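Colleague: Turn this into a model:
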Amino acid sequence: MKTMNWIYLGCLSVLALVLTGCYSNKEIALLQDRKELPVYDSIEYQPYRLQVNDEIIYRVITMDETIAKTLLANNNNSYSGQYANSYRIYSDGTVDLPFMEPIKLEGLTEVEAQDTIRRYFRELIPDADVKVALYNKSFTVLGEIGAGVRYVYKERMNIFQALAMSGNIQTTGDRKHVRIVRPHGNAEPEVLEFDIRANTIINSQYYYIYPNDLIYVSRERSAFFKQESYTAFLALITSSVSLLVTVLNYIPDLNF
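Modeller: Alright, predicted model coming up:
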């Protein structure tokens, strides 16, 4: 009977070792240069271009007090000579600004939109200066990095900065198949999938985060069978063996 006990114990111990394990550095570390990882091409950074349903904030600065008061009458701002408000880009790509015909802004960068609006305003106000900014500068995170909406606080914000704001990827997150869903106005959204562990992600098409992006990290399929540390792994094996020994010790008393 003792021989059978040891056989049972050995078989179950081996099975436990096969079905469980710990996460290795290769599985979770970022910026690795192993040849097994994918190699991504570097591309030139492209500034964000305004899309349908984006909202812009613009401000007009002029020394003409009469015109300034007229502009301020449509807004709650109290500072002299400046006017600011937010406006949505409609499905036809245009935005309606006070005293202006619809202006086409879809597809323009913030700098190009600023130049375009300034040109329109200077037809009415020769000394007008215009400042334009995107109002909805945010991205969304889901999955094994938590859930929430974060703010794109600067141009050329990268994926690692976005993850740092979101609390980083959990150990159980699938780093091999990180996805970014990137909308393109009225067109179908683009889904970008990549292995975030590869160091060649830097300056690739997956590196920069843009407004309206959705970052999704799914749970790794094998996460159920893995432990986050060797301590937890050993604790699991020890408790399993202890339980097995206890059960086997009771077997003779149970007439098995």
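
Colleague: going forward, measure contacts and count neighbours with C-alpha atoms only.
Modeller: Fine.

Colleague: Number of residues surrounding I117?
Modeller: By other Cα atoms under 10 Å, the residues close to I117 number 21.

Colleague: mind listing the strands for the protein?
Modeller: Applying DSSP state E to the chain gives strands spanning 21-22, 55-61, 82-88, 94-95, 103-104, 129-134, 138-143, 148-151, 178-184, 187-194, 214-217, 226-227.

Colleague: Dump these into TSV; add distance to A164 as well.
Modeller: Output for those, formatted as TSV (distance: least, Cα to Cα, whole Å):
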stretch	distance to A164
strand 21-22	24
strand 55-61	26
strand 82-88	29
strand 94-95	35
strand 103-104	36
strand 129-134	23
strand 138-143	12
strand 148-151	11
strand 178-184	15
strand 187-194	18
strand 214-217	13
strand 226-227	23
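
Colleague: out of the ones you listed, nearest to T200?
Modeller: Closest to T200 of these is strand 187-194 (Cα to Cα; 10.7 Å).

Colleague: just to revisit the earlier point, so for E110, which of the strands of the chain sits nearest?
Modeller: Between E110 and those, the shortest gap by Cα to Cα is with strand 129-134, which sits at 6.2 Å.

Colleague: name the helices or strands packed onto the closest one?
Modeller: strand 55-61, helix 110-121 (3 or more Cα pairs under 8 Å, 6 or more residues apart in numbering; DSSP states H and E).

Colleague: okay, now the domains of this protein?
Modeller: By the assignment in automatic domain parsing, the chain contains the domains 2-21+228-254, 25-47+137-223, 55-134.

Colleague: Throw those domains into TSV and include mean pLDDT, thanks.
Modeller: Shown next, in TSV, are these (pLDDT from 0 to 100):
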stretch	mean pLDDT
domain 2-21+228-254	52
domain 25-47+137-223	93
domain 55-134	83
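
Colleague: does Y151 really touch F139, like I thought?
Modeller: Yes - counting by Cα atoms under 8 Å, F139 is a contact partner of Y151 at 6.4 Å.

Colleague: So which of those two has more stuff around it?
Modeller: Set side by side, Y151 and F139 show more neighbours around F139, with 19 against 14, by other Cα under 10 Å.

Colleague: Now for that one: which residues touch it?
Modeller: V149, R150, Y151, V152, I209, Y210, P211, N212, D213, L214, I215 (Cα atoms under 8 Å, 6 or more residues apart in numbering).

Colleague: Count the residues that sit near the first one.
Modeller: Residues near V149, counting by other Cα under 10 Å, number 13.

Colleague: which residue sits closest to it in space, ignoring its chain neighbours?
Modeller: Counting by Cα to Cα, 6 or more residues apart in numbering, the nearest residue to V149 once its immediate chain neighbours are dropped is T140, at 4.4 Å.
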